[in-house]
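Enquirer: Build the 3D model from these lines:
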Amino acid sequence: MINIQPNKIRIRLKAYNSNLLTISCEKILDTARKNNSIVVGPIALPTKRKIYCVLRSPHVNKDSREHFEVRKHRRIIDIYQPSINTINGLMKLDIPAGVDIEVKL
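Expert: Have a look, this model is predicted:
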């Protein structure tokens, strides 16, 4: 069995709440730095906005509308030269609900 460690781990985080995203990034950075890995980030990607237009009264007054907005915040963290301890630490992290994580080696 060959044990090959990746040279870089890229972590993509997505959330509707920017505060939860910041907390998650700090937890990941602390874990990686404790295990002496090189960390780049968090890099803020552009926020995606989705606007929904809703009629206030469905049968009358087509001119009367409300607009609702949903924002999706995104961050990228790169971890170079991760050790096995770093990977294990990242697997055991308790990330808040509402934060979507993608990990690529």
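Enquirer: switch to C-alpha atoms for all contacts and neighbour counts from now on
Expert: Will do.
Enquirer: for the chain, what's the longest helix?
Expert: Using DSSP state H to assign secondary structure, the helix with the most residues in the chain is helix 18-34.
Enquirer: Point out the other helices and strands that the very next helix or strand once past it packs with.
Expert: Of the helices and strands lying after helix 18-34 in sequence (DSSP states H and E), the nearest is strand 38-55. Using 3 or more CA pairs under 8 Å, 6 or more residues apart in numbering; DSSP states H and E as the contact criterion, the elements in contact with strand 38-55 are helix 18-34, strand 65-80.
Enquirer: In the last one, which residues are buried?
Expert: Yep, that's strand 65-80 we're talking about. With burial defined by 16 or more other CA atoms under 10 Å, the residues of strand 65-80 counted as buried are 73-80.
Enquirer: which of the residues you listed lies closest to Gly98?
Expert: Proximity of the buried residues of strand 65-80 to Gly98 was ranked by CA to CA; the top entry is His73 with 11.5 Å.
Enquirer: Can you name the residues bridging to that closest one?
Expert: Following DSSP bridges, His73 is listed with bridge partners Ala15.
Enquirer: Compute the distance between it and Ile43, please.
Expert: Relative to Ile43, His73 is positioned 11 Å away (CA to CA, to the nearest Å).
Enquirer: Pro58 now?
Expert: Pro58 sits 43 Å away from Ile43, taking CA to CA as the criterion.
Enquirer: Report the beta-bridge partners for Ile79.
Expert: Taking DSSP bridges, one obtains Ile9, Val39 as the residues bridged to Ile79.
Enquirer: middle-most residue in this structure, spatially?
Expert: The centre of the chain sits closest to Leu13, judged by CA atoms, centre = their mean, with a distance of 1.4 Å.
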